[in-house]
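J.: can't give you the sequence, but here's the structure:
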Ligand code: BES
Ligand code: MN
Ligand code: ZN
């Protein structure tokens with residue numbers, strides 16, 4: 001895919017298709033007006049007839065308009081003018097991409113009305129153009145045996161209108177990297193659990209790291225994990241025939257000795273619930289329970305691709321959670337790498353167990369900040385639905401940094417409280433604490449559990465159970481929260 005910006009007049013542009021916006025009031029956007037003039041008012045006439053209503057999501061493909069170089073014009077609905085915002089812009093461009101995907105058009109220029117610069121400046125315009133293009137062209141790596149559909153035709157996209165080319169071009173580069181990283185996450189997360197095992201995840205990480213000299217990988221096998229005394233992680237893994245792996249992926253983009261950012265990913269390649277077995281409906285979706293891990297791996301490839309002047313460490317705890325004769329049982333007590341003991345009252349609360357040991361491992365890097373990413377609780381989905389990830393932490397400044405990164409990247413999260421009262425719910429009669437705290441405030445008690453292992457660290461937790469993948473006919477990984485994590489790193493790099 002080739003990205004650039006357009007600067008000269010639209011009628012003279014030598015691309016196959018001009019993508020123009022129409023408001024619901026049957027009003028052409030500013031850019032569309034210049035095209036309308038060049039083609040003798042054809043667009044206005046079409047709107048006057050009522051052929052295109054400009055509703056958000058609507059598109060109409062026109063061909064062979066006189067007076068312009070492009071063979072096609074694609075109209076995309078912008079919705080009502082007075083609500084014209086960045087979100088609408090994204091939707092209009094995404095709808096246009098979906099329509100372009102059904103054609104053989106290979107090059108286009110985006111020329112939608114711009115929301116005001118506070119909503120979408122040149123940099124973020126470039127970024128959104130490239131990111132959404134990458135997302136729209138993504139194809140699930142499926143195992144269907146029929147004839148494969150032809151690869152997408154679109155090869156060149158020009159962004160505009162821009163005030164300054166340079167920030168827009170920077171945005172395009174970053175947006176393309178974000179899209180590529182999202183696709184890394186999606187490819188990994190969409191794989192079935194019989195392929196994407198902990199060992200596979202480790203080998204794929206090695207393969208990805210080989211492409212970038214600034215990335216290095218260390219993989220701890222079961223014996224090495226045992227030497228690290230990761231008793232909680234091993235308790236989860238013990239029921240599965242798939243041995244666990246602990247992956248350490250390091251990116252050094254600076255010669256300076258710099259306290260690293262550590263990203264920790266939940267890599268449960270399949271979560272059956274273990275002895276506390278889940279209900280059958282939707283259990284297949286628990287192959288996505290390694291989405292946090294996939295996002296961490298993806299984000300490190302982005303750091304390397306953009307050569308960010310940062311030191312970043314990715315830690316992935318990769319395990320399969322299964323029932324069986326050797327599986328951990330409700331009431332069993334495990335000793336974590338931190339030395340703290342945990343009564344495992346519910347074997348389906350396995351994510352926090354593996355993260356406990358991974359977060360403890362993060363200490364040896366003396367990190368500037370630790371962010372863990374996990375499809376951790378159904379309770380977070382109940383609380384926030386599928387639009388916001390949950391964010392909690394022990395450092396307000398870092399929480400706010402992530403909230404802001406999410407807003408800028410259109411990959412938002414929402415803070416839930418993490419105050420000491422919730423620790424009551426984790427009391428155990430037999431160990432330092434239990435791994436579950438009942439149904440009430442389930443997303444928060446899960447984070448409260450993690451907080452026991454992050455004392456003294458600057459830490460936040462992202463619960464992405466509701467945002468990392470979709471159910472239903474569009475079932476699959478969404479690539480979130482990679483855009484948020486990318487924005488977090490880009491902003492740290494610019495500090
Ligand atoms: N992986 C699940 C969380 C989850 C649920 C992710 C739904 C996506 C959609 C996690 O391991 C889990 O099973 N959590 C339990 C915790 C409970 C036993 C305290 C849950 O949310 O039900
Ligand atoms: Mn579980
Ligand atoms: Zn899980």
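T.: Ah, there it is. Predicted model, so just to flag it, every value in this text is computed and none were measured. Ligands and ions are numbered 1, 2, ... in the order given.

J.: immediately after the helix or strand of the chain at the bottom of the mean pLDDT ranking, which helix or strand?
T.: When the helices and strands of the chain are compared on mean pLDDT, DSSP states H and E, strand 27-28 comes out lowest with a mean of 90. Following strand 27-28 in sequence order, the next helix or strand is helix 30-38 (DSSP states H and E).

J.: now do that following helix: which elements does it pack against?
T.: strand 17-23, helix 42-48, strand 107-111 (3 or more CB pairs under 8 Å, 6 or more residues apart in numbering; DSSP states H and E). Placement of C-beta: from N, CA and C, glycine included.

J.: follow-up on the earlier one: give me the sheet partners of the least confident helix or strand of the chain and which way each runs.
T.: Note on strand 27-28: by DSSP bridges, its sheet partners are strand 17-23 (antiparallel).

J.: related to what we said a few turns ago, most tightly packed of the helices and strands packed on helix 30-38?
T.: For the helices and strands packed on helix 30-38, the largest average neighbour count (mean count of other CB atoms under 10 Å) is found in strand 17-23, namely a mean of 27.

J.: how many neighbouring residues does residue 28 have?
T.: 21 (other CB atoms under 10 Å).

J.: that one bridge partners, please.
T.: Beta-bridge partners for residue 28, by DSSP bridges, are residue 22.

J.: dump the residue contacts of it.
T.: Residues near residue 28 by CB atoms under 8 Å, 6 or more residues apart in numbering: 20-22, 36, 43-44, 47.

J.: so what's residue 62 up against?
T.: Contacts of residue 62 (CB under 8 Å, 6+ apart): 42, 46, 72-75.

J.: would you mind measuring from it to residue 134?
T.: Separation of residue 62 from residue 134 (CB to CB, to the nearest Å): 26 Å.

J.: check residue 79 too.
T.: The gap separating residue 79 from residue 134 is 24 Å, by CB to CB.

J.: for the residue in the stretch 301-450 of the chain that ligand 1 sits nearest to, give its distance to residue 169.
T.: Distances between the stretch 301-450 of the chain and ligand 1 by CB to the nearest ligand atom are smallest at residue 378, namely 3.3 Å. Per CB to CB, residue 378 is found 43 Å from residue 169.

J.: okay, these two: which has more neighbours?
T.: Using other CB under 10 Å, the more surrounded residue of residue 378 and residue 169 is residue 169, with 18 against 15.

J.: and that one, which helix or strand is it part of?
T.: helix 165-190.

J.: what would the contacts of residue 28 look like in CSV with pLDDT?
T.: Output for these, formatted as CSV (pLDDT from 0 to 100):
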residue, pLDDT
20, 97
21, 96
22, 96
36, 97
43, 97
44, 96
47, 95
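
J.: what's the most distant pair in those?
T.: Pairwise distances across these peak at 14.2 Å for 21 and 44 (criterion: CB to CB).

J.: for the residue of the chain found nearest ligand 2, which three-state class applies?
T.: Proximity of the chain to ligand 2 (CB to the ion) peaks at residue 348, 3.9 Å away. Following DSSP: H, G, I helix; E, B strand; the rest coil, residue 348 is assigned to coil.

J.: what residues does this protein have near ligand 1?
T.: Proximity of the chain to ligand 1, by CB under 6 Å from any ligand atom, involves residues 271, 289, 346, 348-351, 375-379, 381, 436, 442, 465.

J.: ok, 5 Å please
T.: Contact residues (CB under 5 Å from any ligand atom) of the chain with ligand 1: 271, 289, 346, 348-349, 351, 375, 377-378, 436, 465.

J.: and ligand 3, which of those reach it?
T.: Among the residues of the chain next to ligand 1, the residues lying close to ligand 3 (CB under 5 Å from the ion) are 271, 289, 351.

J.: out of those, which touch ligand 2?
T.: residue 271.

J.: please enumerate the strands of the stretch 51-200 of the chain.
T.: 59-63, 72-79, 107-111, 156-159 (DSSP state E, counting those that start in this stretch).

J.: adding distance to residue 282, write the ones you listed out as TSV.
T.: Output for the strands of the stretch 51-200 of the chain, formatted as TSV (distance: least, CB to CB, whole Å):
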stretch	distance to residue 282
strand 59-63	33
strand 72-79	33
strand 107-111	37
strand 156-159	37
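
J.: could I get the ones you listed as JSON lines with mean pLDDT?
T.: Formatted as JSON lines, the strands of the stretch 51-200 of the chain follow (pLDDT from 0 to 100):
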{"stretch": "strand 59-63", "mean pLDDT": "98"}
{"stretch": "strand 72-79", "mean pLDDT": "97"}
{"stretch": "strand 107-111", "mean pLDDT": "98"}
{"stretch": "strand 156-159", "mean pLDDT": "98"}
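
J.: take the ones you listed and write them to JSON lines, including distance to ligand 3.
T.: JSON lines is the format used below for these (distance: least, CB to the ion, whole Å):
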{"stretch": "strand 59-63", "distance to ligand 3": "39"}
{"stretch": "strand 72-79", "distance to ligand 3": "38"}
{"stretch": "strand 107-111", "distance to ligand 3": "39"}
{"stretch": "strand 156-159", "distance to ligand 3": "38"}
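
J.: ok, the contacts of residue 62 vs residue 331, which is closest?
T.: Nearest member of these to residue 331, counting by CB to CB, is residue 74, at 61.4 Å.

J.: quick check: the closest one vs residue 20, distance?
T.: As defined by CB to CB, residue 74 lies at a distance of 7 Å from residue 20.

J.: what do you get for residue 261?
T.: Taken as CB to CB, the span from residue 261 to residue 20 is 42 Å.

J.: what do you get for residue 76?
T.: From residue 76 across to residue 20, the span is 7 Å (CB to CB).

J.: tell me who's in contact with residue 65.
T.: Applying CB under 8 Å, 6+ apart, we find residue 65 in contact with 35, 39, 42-43, 73.

J.: now it: closest residue in space, sequence neighbours ignored.
T.: residue 39 (4.3 Å; CB to CB, 6 or more residues apart in numbering).

J.: who are the contact partners of that neighbour?
T.: Shown in contact with residue 39 (CB under 8 Å, 6+ apart): 11, 65-68.

J.: next: residue 70.
T.: 13-18, 109.

J.: got the phi/psi numbers for it?
T.: Here is the backbone geometry of residue 70 (degrees, to the nearest 10): phi -70, psi 140.

J.: burial of the nearest residue to residue 469 once chain neighbours are set aside, as a residue count?
T.: The shortest distance from residue 469 to any non-neighbouring residue, by CB to CB, 6+ apart, is to residue 288 (4.2 Å). For residue 288, the tally of surrounding residues (other CB under 10 Å) stands at 28.

J.: likewise for residue 395?
T.: Counted by other CB under 10 Å, the residues lying close to residue 395 total 15.

J.: ok, it touching residue 456?
T.: No: contact between residue 395 and residue 456 fails when scored by CB atoms under 8 Å: they sit 11.0 Å apart.

J.: number of residues surrounding the closest residue to residue 468 other than its chain neighbours?
T.: Using CB to CB, 6+ apart and skipping the chain neighbours, the partner closest in space to residue 468 is residue 291 (3.6 Å). For residue 291, the neighbour count with other CB under 10 Å is 32.

J.: and what of residue 295?
T.: The local packing of residue 295 (other CB under 10 Å) involves 36 other residues.

J.: doesn't it fall inside a helix?
T.: Yes: assessed with three-state DSSP, residue 295 lies in a helix.

J.: OK, contacts around the residue of the chain found nearest ligand 3?
T.: For the chain, the residue closest to ligand 3 is residue 271, as judged by CB to the ion, at 3.7 Å. Taking CB under 8 Å, 6+ apart, we find residue 271 in contact with 278, 286, 289, 321, 348, 350-351.
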